[in-house]
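Peer 1: when you get a sec, could you give me coordinates for this:
(chains A and B)
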Amino acid sequence: MTDHDHDHHHHDHDHSELSETELRVRALETILTQKGYVDPAALDLLIQTYETKVGPRNGARVVARAWADPAYRDRLLEDATPAIAELGYAGRQGEHIVALENTPALHNMVVCTLCSCYPWPVLGLPPVWYKSAPYRSKAVKDPRGVLRDFGFELPAGTNIRVWDSTAEIRYLVLPLRPSGTDGWSEERLAELVTRDSMIGTGLPKQLHEVA
Amino acid sequence: MEGAHDMGGVKWSGPVRPEPNEPMFHAEWERRAFAITLAMGMPGGWNIDMSRFAREDRPPQDYLSKSYYQIWLAGLERLMLERALIAPDEIEAGKPLHPVKPVAKTLTPGDVARVLHRGGPTEREAKAPARFAAGDRVRARMIHPPTHTRLPRYVRGHVGTVERVLGCHVFPDSNATGAGEDPQWLYTVTFDGGELWGEASDPGLRVSVDAWEPYLEPA
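Peer 2: Coordinates of the predicted model:
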């Protein structure tokens, strides 16, 4: 699978290929609409939903609540699907969610080596790198190397646990709460939660990054 | 099936490259291809395992040369062509040329929120007790089905430990061929890095897959 059309050395080539694909998608939408199989207004609403409503802000709220409320954290780790539904997030590609708690001794990372399985209701649609060949191939064999690609070195004493999403179970990493945040509100904590920290390829923002 | 989609552990040159700003879609056609694919599930009547097989069942050079949404598009076209919902000459002409095949239902704007919120849960009532329990040692079977499977190559033949029993779930190997859901017990099976990758493996690495009971045998 190609990484995407960001390789500027091949810009013209990609451009013509994209035009061909673009024409084909237009042709399909026309045919399917005229045959009555799709309703363009429903297509618009699907796109709008994932562009504006469903995204990592949802997951950040879940993580922030787990950090702030020990009883919620326990429910989340015991059975994440209903705990996440308490905040209103559920459904497609998040029908069965398991939350994975990072500790100082254990770092969790999530991948789908076979395709792109990802917990949509809490993280939205996956980024290009998550679906790319380098991530899908390397995450299960050299996850520390992947973390280096993302710019950080996991301490040598921290074990690493990789979860390959090969079934319909979707995984959400509960990252370590940054130190120095005692007494913070959920809203403020949520600002520290990065999308990558919930996949396990990053860390939450630390205090010096938001000061 | 053995395909280029099954990438775990494959040597791949170059680092993982996060992209600046990470646009969700990179062109208008990606938005439309995404939405058409989601919307066609209802009139098309196929299931998610059939969709996955339609995407991955292609020569490696084809799979690897397509972008993510180009693969979605190719999979969608195949599913529609197989069911005669569209014809090649219609795609060529960019308009309908043949009579409409009746479909059960079309996704309306009023359906969208409800359908997305409901999703497609795969857990089913168990008809038999689970064969394995947490802590059991199991070997991932050395299977090579020509059809869809969710047992990645890099764990086949290797011994791991059942970490969680996840309930009884739709079995994709059966569901993808139209042979029915045939629900099977599903387990998280965890492997030591050294078992999968040998002595050079990171000593602190453990990797799990979610594996249905027919993929496993006692070790």
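Peer 1: for residue A:170, name its beta-bridge partners.
Peer 2: Judged by DSSP bridges, the bridge partners of residue A:170 are residue A:97.
Peer 1: which residue is nearest the centroid of the chain?
Peer 2: Chain wasn't specified; assuming chain A. Against the mean C-alpha coordinate of chain A, by C-alpha atoms, centre = their mean, the closest residue is residue A:123 at 4.3 Å.
Peer 1: ah, no, chain B please
Peer 2: Using C-alpha atoms, centre = their mean, the residue of chain B that lies closest to the mean C-alpha position is residue B:52, 4.4 Å off.
Peer 1: next one: it, what pLDDT does it get?
Peer 2: Per-residue confidence at residue B:52 stands at 98 (pLDDT).
Peer 1: tell me the buried residues in the longest strand along chain B?
Peer 2: The strand that spans the most residues within chain B, counting by DSSP state E, is strand B:159-169. The neighbour-count criterion (16 or more other C-beta atoms under 10 Å in any protein chain shown) identifies B:160, B:161, B:162, B:163, B:166, B:167, B:168, B:169 as the buried residues of strand B:159-169. Yep, even glycine has a C-beta here, placed from its N, CA and C like the rest.
Peer 1: before we move on, back to that, go ahead and confirm the residue nearest to the centre of chain B touches residue B:172.
Peer 2: Yes: at 7.4 Å, residue B:52 counts as touching residue B:172 under the criterion of C-beta atoms under 8 Å.
Peer 1: need the residues touching each of the two.
Peer 2: Listed contacts common to residue B:52 and residue B:172 are residue B:148; contacts here mean C-beta atoms under 8 Å, 6 or more residues apart in numbering or on different chains.
Peer 1: which residues of chain A fall in helices?
Peer 2: For chain A, applying DSSP state H gives helices covering A:11-34, A:40-48, A:56-68, A:70-78, A:80-85, A:120-123, A:128-131, A:133-138, A:143-149, A:186-190, A:195-199, A:207-210.
Peer 1: so of those helices, which one's packed in deepest?
Peer 2: Relative to the other members of those, helix A:120-123 carries the highest mean neighbour count by mean count of other C-beta atoms under 10 Å in any protein chain shown, namely a mean of 26.
Peer 1: does anything pack onto that one? Which helices or strands?
Peer 2: Counting by 3 or more C-beta pairs under 8 Å, 6 or more residues apart in numbering or on different chains; DSSP states H and E, the packing neighbours recorded for helix A:120-123 are helix A:56-68, strand A:169-174, helix A:195-199.
Peer 1: out of the ones you listed, which comes closest to residue B:104?
Peer 2: Each of the helices and strands packed on helix A:120-123 was checked against residue B:104 via C-beta to C-beta, and the shortest separation belongs to strand A:169-174, namely 28.0 Å.
Peer 1: could the helices and strands packed on helix A:120-123 go into TSV alongside mean pLDDT and distance to residue A:41?
Peer 2: Formatted as TSV, the helices and strands packed on helix A:120-123 follow (pLDDT from 0 to 100; distance: least, C-beta to C-beta, whole Å):
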stretch	mean pLDDT	distance to residue A:41
helix A:56-68	98	25
strand A:169-174	98	29
helix A:195-199	98	30
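Peer 1: ok, which of these comes nearest residue B:177?
Peer 2: Using C-beta to C-beta, these put strand A:169-174 closest to residue B:177, at 22.2 Å.
Peer 1: mind giving me the packing neighbours of that closest one?
Peer 2: Contact here means 3+ C-beta pairs under 8 Å, 6+ apart; on that basis strand A:169-174 packs against helix A:56-68, helix A:70-78, strand A:96-101, strand A:106-111, helix A:120-123, helix A:195-199.
Peer 1: mind listing the strands for chain B?
Peer 2: For chain B, the strands defined by DSSP E cover B:123-124, B:137-140, B:159-169, B:184-192, B:205-212, B:216-218.
Peer 1: residues contacting the closest residue to residue A:55 other than its chain neighbours?
Peer 2: Closest residue to residue A:55 in three dimensions, ignoring its sequence neighbours and counting by C-beta to C-beta, 6 or more residues apart in numbering or on different chains: residue A:124, at 3.6 Å. Shown here is residue A:124, whose contacts under the criterion C-beta under 8 Å, 6+ apart are A:50, A:54, A:55, A:56, A:58, B:24.
Peer 1: the third one touches residue A:123, doesn't it?
Peer 2: Yes: at 7.2 Å, residue A:55 counts as touching residue A:123 under the criterion of C-beta under 8 Å.
Peer 1: residue B:187 versus the closest residue to residue A:196 other than its chain neighbours, what's the distance?
Peer 2: Computed as C-beta to C-beta, 6+ apart, the closest residue to residue A:196 that is not its neighbour in sequence is residue A:202, at 2.8 Å. When C-beta to C-beta, to the nearest Å is the yardstick, residue A:202 and residue B:187 sit 29 Å from each other.
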